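Trainee: I would like the atomic coordinates for the input below:
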Amino acid sequence: MTAVDARILIVDDSPTNLKLAAEVLALSGFTVSTATTAEEALAAIETLTPALVLMDIGLPGMDGLTLTRRLKSSPRYRGLRIVAVTAFAMRGDAQKARDAGCDGYITKPIDTRTFAAQVTAYLEHGRADPSEGAT
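Mentor: Purely as a prediction, here's the structure:
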């Protein structure tokens, strides 16, 4: 399976953001599923086994960071790649996402010109910038 063949689960409570991200990725050849709540995301993850989850932090009810912590604490989902996609772009928010177990962080609004490439990089390298984290 190549990165573009991978199934992506987008979790976002905003219909506009969900539709935009899904369309950009689908046009780039990804197989895309969506969820609007943490509960829907949990059900989808169990049945779909996505290669990557794009997780909105500000979900209603259980937020995205809580869901990420829950997933990453499970041996079954510890290896699941989860990238925070959020409008929270204050100093320290990316670190909070990483501390919760997110493998990366993309700010909203997404850049439709680079979004698919960012997702591909997370699938192939575990991070958006292959040089990120290099020593």
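Trainee: which SS class is the residue nearest in space to the middle of the chain?
Mentor: Nearest to the geometric centre of the chain sits residue 54, at 1.5 Å (C-alpha atoms, centre = their mean). Using DSSP: H, G, I helix; E, B strand; the rest coil, the structure places residue 54 in strand.
Trainee: quick check: closest non-adjacent residue to residue 103.
Mentor: Distances taken as C-beta to C-beta, 6 or more residues apart in numbering place residue 81 nearest to residue 103, at 4.9 Å, with adjacent residues excluded. All C-beta atoms are positioned from the backbone trio N, CA, C, and that covers glycine.
Trainee: what segments of the protein are helices?
Mentor: Applying DSSP state H to the chain gives helices spanning 15-27, 38-48, 64-72, 93-100, 115-125.
Trainee: can I get the shortest one in CSV, CA atoms only?
Mentor: The C-alpha coordinates for helix 93-100 follow below in CSV (Å, rounded to 0.1, in the frame of the first residue of the first chain):
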residue,chain,number,x,y,z
ASP,A,93,-0.5,24.1,21.7
ALA,A,94,1.7,21.9,19.4
GLN,A,95,3.6,20.6,22.4
LYS,A,96,0.3,19.9,24.3
ALA,A,97,-0.8,17.8,21.3
ARG,A,98,2.5,15.9,21.2
ASP,A,99,2.3,15.4,25.0
ALA,A,100,-1.2,13.8,24.5
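Trainee: which elements pack onto that helix?
Mentor: Applying 3 or more C-beta pairs under 8 Å, 6 or more residues apart in numbering; DSSP states H and E, one finds that helix 93-100 contacts helix 64-72, strand 81-86, strand 104-107.
Trainee: before we move on, what about the second one?
Mentor: Contacts of helix 38-48 with other secondary structure elements, assessed using 3+ C-beta pairs under 8 Å, 6+ apart, are made with strand 7-11, strand 31-35, strand 52-55, helix 64-72.
Trainee: relative to strand 7-11, how tilted is that helix?
Mentor: Counting by axes from the mean of the first three to the mean of the last three C-alpha atoms, to 10 degrees, helix 38-48 points 170 degrees away from the direction of strand 7-11.
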